[in-house]
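>>> pasting the structure only:
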Ligand SMILES: [Zn+2]
C-alpha cells in the first residue's frame with residue numbers, strides 16, 4: 001500500500017497556507033520525495049516522517065519552487081549522521097547544479113550521493129514497486145513520475161481450499177506466498193488451485209508544471225491516484241498555457257482520459273485564496289476530484 005503525504009501544495013512561492021511543491025510517498029519501508037521546495041524539511045518534520053527511511057528525492061525540474069529545499073534537506077540528513085546512499089534524480093542539469101553547490105558552498109555529505117539524470121524510463125526498482133518518469137510539456141525539461149506496485153497474487157478462495165480438504169491455518173498463508181502445501185489426506189495443493197487470477201498492482205502518478213500532454217496521460221493511465229498540476233482556473237486558461245501550466249479542468253480531462261480512480265489537484269497558485277471554484281471546475285469534468293492541502297495524507 002502507498003501512503004502519500006502532501007508537504008507542499010502551492011505554486012511559485014510559499015504562503016502561510018501552502019508550501020512549495022513537495023510530496024512524500026511511502027511504500028512499506030521506503031520513502032520517496034517528489035520535489036523539494038523551500039522549507040520541505042520542516043514540513044517533513046511536521047508530518048513526522050523519518051529522514052532515515054528516505055531512499056530517493058526526485059526533482060521534476062530545476063525551478064526554485066521545486067528545488068530550493070533540496071540542499072538544506074541533504075545537509076540536515078548529513079548532520080544527522082545519515083549513512084545509506086541517497087539517490088537524487090531529475091532532468092539533465094541536476095548534476096551541474098549540485099556540483100556548483102558543492103564548489104561554492106563547500107557542502108560535504110557524510111553519506112554517498114547518487115545523482116541520476118533522466119529524460120524518461122525507470123528510475124527506481126524497489127522491493128515490490130518501481131518508479132518511472134517521462135518528459136512533460138512545461139518549457140525547461142520537466143519530469144512527471146509514476147509509482148507502480150508489482151502485480152499482486154490473486155485473491156484466496158477459501159471455499160476451494162475447503163473443498164480440497166485443507167482446513168484454515170498457516171497453510172493458507174503459505175499458499176498465498178506461492179508455496180505448495182500438503183493437505184491432511186496427503187494430497188499436494190498448489191497455489192493456482194486456490195488463488196484467483198493475479199491482480200495488477202496499485203499505481204500513483206505525479207505530474208506538475210505541465211500543460212496537458214500525452215506523456216502525463218500515459219504516466220497516469222489506470223492509476224488509483226493522479227496528483228496533477230492545477231495552477232490556474234479556467235479564467236486564466238490562456239495564461240496557464242503561456243506559462244507551461246494547466247488548469248483544474250484540464251487536469252480533470254487528463255484524469256478522465258487516463259481512466260484514473262481519483263484526482264488530486266495541487267500546485268495551486270497563491271492568487272486563489274479560495275480554491276473551491278477550481279475544485280468545482282474540475283469536478284464538472286471528473287467527479288472523483290479532491291483539492292490537496294498541506295500535510296494531507298492519502299492511502300492508496
Ligand atoms: Zn512550479
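Perfect, thanks for sending it. All of these numbers come straight from a predicted model, not from anything done at the bench.
>>> Tell me the span between the first and last residue of stretch 240-256.
20 Å (Cα to Cα, to the nearest Å).
>>> And stretch 174-192, by the same measure?
12 Å.
>>> Which positions within it qualify as buried?
175, 181, 189, 191 (16 or more other Cβ atoms under 10 Å). Bear in mind the C-beta positions are built from the backbone N, C-alpha and C, glycine included.
>>> Could you save the residues you listed as CSV and add columns showing pLDDT, distance to residue 282 and secondary structure?
Listed next are the buried residues of stretch 174-192 as CSV, based on pLDDT from 0 to 100; distance: Cβ to Cβ, whole Å; DSSP: H, G, I helix; E, B strand; the rest coil:
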residue, pLDDT, distance to residue 282, secondary structure
175, 92, 44, helix
181, 94, 49, strand
189, 94, 49, strand
191, 92, 43, helix
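>>> ok, of these, which one's closest to the ion?
The ion has its nearest neighbour among these in residue 191, at 46.7 Å by Cβ to the ion.
>>> Strands of the stretch 151-300 of the chain, residue ranges please.
181-182, 188-189, 203-207, 225-229, 262-266, 289-291, 297-299 (DSSP state E, counting those that start in this stretch).
>>> Check these for me and report the most buried one.
strand 225-229 (a mean of 30; mean count of other Cβ atoms under 10 Å).
>>> what packs against that strand?
Judged by 3 or more Cβ pairs under 8 Å, 6 or more residues apart in numbering; DSSP states H and E, strand 225-229 is in contact with strand 2-8, strand 203-207, helix 214-220, helix 248-258, strand 262-266.
>>> show me what contacts residue 84?
For residue 84, the contacting residues are 52, 55, 111, by Cβ atoms under 8 Å, 6 or more residues apart in numbering.
>>> before we move on, what SS does the second one have?
If I follow you right, that is residue 55. At residue 55 the chain is in strand, as set by DSSP: H, G, I helix; E, B strand; the rest coil.
>>> Give me the distance from the helix or strand of the chain with the lowest mean pLDDT to the chain's centre.
In the chain, the helix or strand scored least confidently by mean pLDDT, DSSP states H and E is helix 237-242, which has a mean of 89. Put simply, helix 237-242 sits 26 Å off its chain's centre (Cα atoms, centre = their mean, to the nearest Å).
>>> Ok, which of the strands of the stretch 151-300 of the chain comes nearest the ion?
Of the strands of the stretch 151-300 of the chain, nearest to the ion by Cβ to the ion is strand 225-229, at 8.0 Å.
>>> hmm, who's touching the closest one?
So strand 225-229 is contacted by 2, 4, 6, 23, 204-210, 216, 220, 245-246, 251, 254-255, 258, 260-267, 292, 298, 300 (Cβ under 8 Å, 6+ apart).
>>> and the ion, which of these contact it?
Filtering these for proximity to the ion by Cβ under 5 Å from the ion leaves residue 209.
>>> Contact partners for the one residue in the stretch 1-150 of the chain that gets nearest to the ion?
In the stretch 1-150 of the chain, the residue found nearest to the ion is residue 65; the distance is 4.3 Å by Cβ to the ion. Contact analysis of residue 65 by Cβ under 8 Å, 6+ apart lists 10, 11, 12, 13, 20, 21, 37, 38.
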